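1. give me a 3D structure for the following:
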Amino acid sequence: MVAAIAAFIAVPTLALAQDAKHSFKMATGWPGGPLMDIGAKAFAERVDQMSDGRIKIQVFPGGTLGNALKVTETVKNGVAEMGHTWMGYDWGRDTTTVLFGGYAGSFDSERMLHWLYQAGGVDLQRQYRDEVFGVVSMPLFIRTAEVFLHSRKPVRTLEDMKGLKLRTAGSWLDMAKDLGAAPVTTAGGDVFPMLERGAIDATEWGTLWEDIAPGFHKVAKYLIIPGVHQPVAPFDLVINKDAWAKLSDKDKKLIETAARLTTFDSWLRIGEEDAKALDVYRKAGNEVIELAPEVQYRTREIADAWADKQAETNPWFAKVLASQRDFERRWANATQYRNVKVRATATQ
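-> Sure thing, here's the model as predicted:
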């Protein structure tokens, strides 16, 4: 009888716990643009909608709650309960971060999505960020291949890369040196003024569409493609572990689902908008330059050698790299059974 009464009392208690209200602050690394609009803010709006308003997330621009390049640290220390960042910003602590955030040796965005959501990547990411950084982590937003450079100088060949002062982040800081460039890093809000006044010759940032908003093309004539340094860029939702522990299992699942839906929506939106963006640059008077094959091949060679070297001394890097390379081998013949040859027509 006592057990039955206890069980009866527990039912509404459990319901109350599952329907608890939460209010979180989210630190980001972005001053604005698509990363905010269809990334962090879209996620917050989706969570609000899916929870019927019970879970509120206030999104702050980069630098408001802490260093825009150290969002993980801001969240770990409890200054914000959530953060939206690119994991590669943490590469100085552990280079494994770029395997999740994308680097010159990554596969394309479609394959990355398959690896993350169907081949164990999300689980590896959760385990890794928990063990090494002490935060809860999952993908939130993903880019297709980035623009290689918005440049004040034409860049096409390996010779053109020598001495080029470029802004970048993550492992490309190391690899660009092997191409002869002189890379530096800085927060997103500082990039435009540095490019405008010539403190740097060139910058990479996002995809064709994403780069319209910051206006790099207004102060740099040359648009260099493709983004061999960054074939894909998944972004990262980080959550303070104490804040995560306060959520019911139902609400944890809600957060995971919202992040996944936002990630897929961002991929679809960017893909469509990128297809329109080249015309914007051409109409603005920018010159579009395709990198010479020698640069593209050499970049991948440098990336593979760099990754092999990291794996020699970093067990986590070796574990994630092995998972990604196993995936690549499974997909090695995908173009044979997926791509159909068609003749060029007047509409193409």
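2. and residue 234, what are its phi and psi?
-> Residue 234 adopts backbone torsions of phi -70, psi 140, taken as degrees, to the nearest 10.
3. and the pLDDT for it?
-> If you check residue 234, the pLDDT there is 98.
4. and for residue 1?
-> Predicted confidence (pLDDT) for residue 1: 43.
5. counting by contacts, list what the longest helix anywhere in the chain packs against.
-> The longest helix of the chain (DSSP state H) is helix 249-283. Packing partners of helix 249-283 (3 or more C-beta pairs under 8 Å, 6 or more residues apart in numbering; DSSP states H and E): helix 34, helix 41-50, strand 55-59, helix 109-118, strand 136-143, strand 233-239, strand 287-290. From N, CA and C alone the C-beta is placed, and that goes for glycine too.
6. following element in sequence after the last one, please.
-> So that's strand 287-290. helix 293-313 (DSSP states H and E).
7. partner residues bridging residue 184?
-> residue 167 (DSSP bridges).
8. ok, it - contacts?
-> For residue 184, the contact set (C-beta atoms under 8 Å, 6 or more residues apart in numbering) comprises 165-168, 200.
9. which residues in the stretch 1-150 of the chain form strands?
-> With DSSP state E, counting those that start in this stretch as the criterion, the stretch 1-150 of the chain has strands at 22-28, 55-59, 82-85, 136-143, 149-151.
10. so for residue 328, which of these sits nearest?
-> Comparing the strands of the stretch 1-150 of the chain by their distance to residue 328 (C-beta to C-beta), the top pick is strand 136-143, with 17.7 Å.
11. now that closest one - C-alpha only, PDB.
-> Written as PDB, here are the backbone C-alpha positions of strand 136-143 (Å, rounded to 0.1, in the frame of the first residue of the first chain):
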ATOM      1  CA  VAL A 136      28.800  18.600 -23.300                       C
ATOM      2  CA  SER A 137      29.100  19.000 -27.100                       C
ATOM      3  CA  MET A 138      27.200  18.300 -30.300                       C
ATOM      4  CA  PRO A 139      27.200  19.700 -33.800                       C
ATOM      5  CA  LEU A 140      25.300  22.900 -34.500                       C
ATOM      6  CA  PHE A 141      25.500  24.400 -38.000                       C
ATOM      7  CA  ILE A 142      27.600  23.100 -40.800                       C
ATOM      8  CA  ARG A 143      29.300  24.800 -43.800                       C
END
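12. that strand - what's its average pLDDT?
-> 98.
13. again with stretch 338-348
-> pLDDT averaged over stretch 338-348 gives 78.
14. picking that back up, from the chain's centroid, how far away is the longest helix of the chain?
-> 11 Å (C-alpha atoms, centre = their mean, to the nearest Å).
15. buried set for that helix?
-> 251, 254-256, 258-260, 262-263, 265-267, 270, 273-274, 277, 281 (16 or more other C-beta atoms under 10 Å).
16. equivalent analysis for stretch 152-172, please.
-> In stretch 152-172, counting by 16+ other C-beta under 10 Å, buried: 152, 155, 160-161, 164-172.
17. among these, which pair sits farthest apart?
-> 152 and 171 (24.4 Å).
18. domains of this structure?
-> 19-143+232-272, 149-231+283-330 (automatic domain parsing).
19. just say which of the helices and strands packed on helix 249-283 is most tucked in.
-> Ranked by mean neighbour count, these are led by strand 233-239 with a mean of 26 (mean count of other C-beta atoms under 10 Å).
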